[in-house]
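Asker: Have a look; sequence and predicted model below, questions after that.
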Amino acid sequence: MSVIERRFPFEKSSPQPQLSDEELKREVQRRRQQQLAPFGLTERETQIVVMLLDGQTMKGIAEELFITERTVKFHSKNAYEKIGVASKKELMQAFSDLPSPDVKRCSQAQPSTLSLRPRNPAR
């Protein structure tokens, strides 16, 4: 047994089951929603932020949710403010540690460590 195996026995590499594309997408979305929970976003804001992080456009989100682009922009602006970012680019950078759901196969998605802090809701 190597030194590493004695110090970190739980980190032994064991075969992980392969996730289907749909399972991977659901798992990434679930983890993104968990990351967003401390920010106090509404259900719709969370839904839109997750879709933005998936790489969807404002127009595509509007079409999928049957709302106007203006409504998508309204919710995303509110979410940006709560998260503490000013743009979609900053949002993508802040949450770039999770793989995109369009990744073909992944043996195991690692939990992320988000460095942002929730905004003070009393403000």
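Answerer: Yes, it's here. Numbers count the residues shown, from 1 in each chain.

Asker: what ranges do the helices span in the chain?
Answerer: 3-7, 21-36, 43-53, 58-65, 69-83, 88-94 (DSSP state H).

Asker: which of those sits most buried?
Answerer: Mean neighbours per residue, mean count of other C-beta atoms under 10 Å, is largest over those for helix 43-53, with a mean of 20. To be clear about C-beta, it is placed using only N, CA and C from the backbone, and glycine gets the same treatment.

Asker: helices or strands next to that one in the packing?
Answerer: Here helix 43-53 touches helix 21-36, helix 58-65, helix 69-83, helix 88-94, going by 3 or more C-beta pairs under 8 Å, 6 or more residues apart in numbering; DSSP states H and E.

Asker: so what's Arg44 closest to, chain neighbours aside?
Answerer: Residue nearest to Arg44 in three dimensions, not counting chain neighbours: His75, with 5.4 Å by C-beta to C-beta, 6 or more residues apart in numbering.
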